[in-house]
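Participant: Structure for this input, please:
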Amino acid sequence: MNYKALALAAFITKTYALDPIAKYEPGSSVVDHSLMDLDQKSLEAAIPKEGTFPSVTGMAIYEQGGHSKSYVTLTLDVPLPVAIAKKTEFSGSDIEGNLLKGKAKDDTPKGSTTLKLLYEPGKCMIGALDPNDRKFAGCITFRGTVFDGQNTLLYSTPGGYNDSTNGRTLQGFSTAVREKMIECAACPEINAQEFLDYYGVPDWGDQWIQASNAGGSTLDVFDNGGADFGQYEYVGKFECIKKSTSYVQTLAYALHEFEASVAACQEGLSYDDANYDAIHKWDEGVAFYVGSLPGKDGLQEKGGKLHWALAGKRCKDFKTCGPKGGQGEGDLAQVNYMLQAIFTKGKLAIYEGKCTVANDAMLRISQLAYIPLIQGTLRYAHKVEKKVTEEKGQAEGATFASGVLPHVHAQGPKGRAAAQIIYDNMKVSNNPQTDFSAVKEAFESVYAEMGIDCELIGGYLDDNDEFYGPPYDSSPCESACDPAFKKFAWKNMNLELTCKALNNLDVNVKAGVCKTGGGDLACPQTCKGKCACTDKKQAKFKKNAAGKLMSCGALSKAKKRRQICNRKQEAKETCPVTCKNMCSWDPPFALA
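Facilitator: Here you go, the predicted structure:
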């Protein structure tokens, strides 16, 4: 009997029984996790309704939630006769007399006089929500019994609906960093460590939000990237909170879930329930990146409220929409198309027990996810320097920058220099001195180190869908070739390749190395076809004034290749890729 085939069939059945998230087919139920975008939506509505800072109702939603991981605390008539394990299923009645299903939120010891039950996703949404936004359907009746198949427990809820609250909050995405991302068994995680190294505190996100709300400062709290929110009026503070919770902190937590998934993956266990936890964490990462509002196809509600939506907004500004980019409009951002494929690639790798492949997928997600934040920073740098926006745009730019500065800073000495330039131009200020070109050039200086390129970022468009010209030139830069002699290990082959060698492999072999052999991470431009060797080996140009001819094949071996190319324009025209040192016609480069 083919047990692996049976396991695969069971996996497919399980996957297709769950609703897609922007066309991604989860392997576990993460509906409840995706509802965090509804907390974001409620927060964005609550603060303007209150109309002043510090905000009480907005911060209550931020700190207490309302939509995700809803649970009720039952007061038991008699102490628990036995211990109750976490996730034990209970049944009871809701306020409308319907069957209620819930699960124990925590391990609860014998003798406890309370029991916390998790509601099903989308049921009984109370928390700190505005009374008009609360969803009472599915709330447990105030007095009754719950049954777990063996024990019937009589309970009451003295606080009524107020006994129902939430175990997952926007604030928790930041305050959980130390425990879950820095000091856990598989820690520190890459992305969390970058933020810690830059800001100097693990709960940088919460510090940003609390200071924004209070009109305070993080200048004496953060090692880098400090902000004095006292320089802002209402609009600036609101944007700093709104953009940070939706596009910065939630993204950081999504990246955590992908990293935690890889850490939980058990190599070699294909289609095995032992990897369910890893799959679930991977699914959570997708849920926190996309949210619930974009729907099954990712196109609903203007893409929602989380990072998926930001990518969709910015691609229209930078002409990076569509599967291959290059479009100023379209259904999805190029980066979201790319991430859709990588989300699925990583999930399938975990199911197959190929944890190293899943790790590569995680690393690529961690590179691509910063693209919308870079685009957002550039957009508002341009607007601020041109003085076509005031406090609102300056605050948006500062917040977008706060989400990508740690990643830029992590790229060695060059990255630290670039991060300082970006911060100096984009920091919170009521008198910004912003130089768009300086910000643009700083980002461009570390694209290669960040694993992205000029084409993925695009250029900022004007109202006529054209790039701005001087003195605010926003046209996209052009990516350089990968370093010719950059080396990487060809996975599973016990071989070492350079980007130049990869560039000259047989087309099918090259595709395989790029897809599964580690080439895409080490030599991204090469794998995208940038600097592909289209030169003809026998094509010739005049090497000197005497008319001596040299072929591209001979040029590729010449010790003075660079000098010849620099001196002779004809060499550049005849052998352009050879002049970039990316062509070779000798083994072992050409395996075909």
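Participant: Tell me, how many residues neighbour the nearest residue to Lys135 once chain neighbours are set aside?
Facilitator: Closest residue to Lys135 apart from its sequence neighbours, by CB to CB, 6 or more residues apart in numbering: Met125 at 4.0 Å. Any C-beta I mention is one placed from the backbone N, CA and C, and that applies to glycine too. Residues near Met125, counting by other CB atoms under 10 Å, number 26.
Participant: go on, the one 4 residues further on?
Facilitator: Neighbour count of Leu129, defined by other CB under 10 Å: 23.
Participant: In this model Thr57 seems to touch it, though I could be wrong.
Facilitator: No. Judged on CB atoms under 8 Å, Leu129 makes no contact with Thr57 at a distance of 9.3 Å.
Participant: before we move on, back to that, from Leu35, how far off is the residue nearest to Lys135?
Facilitator: Distance, Met125 to Leu35, by CB to CB, to the nearest Å: 8 Å.
Participant: Spell out which residues are contacts of both of those two.
Facilitator: Taking CB atoms under 8 Å, 6 or more residues apart in numbering as the contact rule, Met125 and Leu35 both touch His67.
Participant: centroid residue for the protein?
Facilitator: Residue closest to the mean C-alpha point of the chain, counted by CA atoms, centre = their mean, is Ala369 at 4.0 Å.
Participant: quick one: pLDDT of it?
Facilitator: Ala369 carries a pLDDT score of 98 in this model.
Participant: Check the one 3 residues further on too.
Facilitator: Note on Pro372: pLDDT of 98.
Participant: Enumerate every residue touching it.
Facilitator: Shown in contact with Pro372 (CB under 8 Å, 6+ apart): 247, 307, 310-311, 313-314, 333, 335.
Participant: any weak-confidence spans in the stretch 401-550 of the chain?
Facilitator: By pLDDT under 70, the stretch 401-550 of the chain contains no weakly predicted segment.
Participant: how about the nearest residue to Pro524, chain neighbours excluded?
Facilitator: Of all residues not flanking Pro524 in the chain, Gly451 sits nearest, at 6.1 Å (CB to CB, 6+ apart).
Participant: can you pull the contacts of the nearest residue to Phe467 once chain neighbours are set aside?
Facilitator: Once flanking residues are discounted, Phe467 sits nearest to Ser475: 4.1 Å by CB to CB, 6+ apart. Residues near Ser475 by CB under 8 Å, 6+ apart: 459, 467-469.
Participant: and Ser475, backbone torsions?
Facilitator: phi -60, psi 150 (degrees, to the nearest 10).
Participant: How much space separates it from Ile457?
Facilitator: Counting by CB to CB, the gap from Ser475 to Ile457 is 11 Å.
Participant: tally of neighbours for Leu251?
Facilitator: Neighbour count for Leu251, taken as other CB under 10 Å: 24.
Participant: actually Ser402, not the one I typed
Facilitator: Per other CB under 10 Å, the neighbour tally for Ser402 reads 30.
Participant: So it belongs to a helix, correct?
Facilitator: Yes. Assigned with DSSP: H, G, I helix; E, B strand; the rest coil, Ser402 falls within a helix.
Participant: quick one, what contacts it?
Facilitator: Residues near Ser402 by CB under 8 Å, 6+ apart: 208, 225, 227, 244, 248.
Participant: tell me the secondary structure for the first one?
Facilitator: Think Trp208. Here Trp208 is recorded as helix under three-state DSSP.
Participant: For the stretch 1-150 of the chain, which segments count as strands?
Facilitator: With strands called from DSSP state E, counting those that start in this stretch, the stretch 1-150 of the chain shows them at 70-76, 89-93, 99-104, 114-119, 143-147.
Participant: For those, give me CSV that also has mean pLDDT, mean neighbour count and distance to Trp204.
Facilitator: Formatted as CSV, these follow (pLDDT from 0 to 100; neighbours: other CB atoms under 10 Å; distance: least, CB to CB, whole Å):
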stretch, mean pLDDT, mean neighbour count, distance to Trp204
strand 70-76, 98, 21, 28
strand 89-93, 97, 16, 38
strand 99-104, 97, 18, 33
strand 114-119, 98, 21, 30
strand 143-147, 97, 15, 41
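Participant: Pipe those strands into TSV and attach distance to Ala558 per row.
Facilitator: TSV is the format used below for the strands of the stretch 1-150 of the chain (distance: least, CB to CB, whole Å):
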stretch	distance to Ala558
strand 70-76	70
strand 89-93	74
strand 99-104	71
strand 114-119	70
strand 143-147	82
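Participant: right, and those - which one's nearest Thr157?
Facilitator: Judged by CB to CB, the one of the strands of the stretch 1-150 of the chain that comes nearest to Thr157 is strand 70-76, at 6.4 Å.
Participant: so what does the closest one touch, helix or strand wise?
Facilitator: Counting contacts by 3 or more CB pairs under 8 Å, 6 or more residues apart in numbering; DSSP states H and E, strand 70-76 is packed against strand 114-119, strand 152-156, strand 164-166.
Participant: partner strands of the shortest one, parallel or antiparallel?
Facilitator: Meaning strand 164-166. strand 70-76 (antiparallel) (DSSP bridges).
Participant: And Asp462, how close does it get to Val513?
Facilitator: 41 Å.
Participant: now Asp133
Facilitator: According to CB to CB, Asp133 and Val513 sit 52 Å apart.
Participant: Of these two, which one has the most company?
Facilitator: Val513 (25 against 17).
Participant: I'd guessed that one sits against Glu496; true?
Facilitator: No. The criterion here is CB under 8 Å, and Val513 misses it with Glu496 at 11.8 Å.
Participant: Now for these two: what residues contact both?
Facilitator: Trp490.
Participant: one step back: residues in contact with the residue nearest to Pro524?
Facilitator: Neighbour list for Gly451: 363-364, 367, 521, 524 [criterion: CB under 8 Å, 6+ apart].
Participant: PyMOL command for the buried members of those residues?
Facilitator: A single PyMOL command selects the buried members of the contacts of Gly451 (16 or more other CB atoms under 10 Å):
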select buried, resi 363+364+524
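Participant: ok, so of the contacts of Gly451, who is nearest Ser479?
Facilitator: Comparing those against Ser479 with CB to CB places Pro524 closest, at 8.9 Å.
Participant: quick one: the closest one and Cys454 touch, right?
Facilitator: No. With contact defined as CB under 8 Å, Pro524 does not reach Cys454; the gap is 11.8 Å.
Participant: so where does Leu521 fall, helix or strand?
Facilitator: Using DSSP states H and E, Leu521 maps to helix 519-522.
Participant: OK, contacts around the residue nearest to Cys533 when sequence neighbours are not counted?
Facilitator: Excluding the flanking residues, the one nearest Cys533 by CB to CB, 6+ apart is Cys583, at 4.0 Å. With contact set as CB under 8 Å, 6+ apart, Cys583 has these partners: 503-504, 533, 535, 552, 556, 575, 577.
Participant: before we move on, back to that, out of the contacts of Pro372, which sit inside strands?
Facilitator: Nothing among the contacts of Pro372 maps onto strands, per DSSP state E.
Participant: Now Leu495: closest residue in space, sequence neighbours ignored.
Facilitator: Ala489 (7.6 Å).
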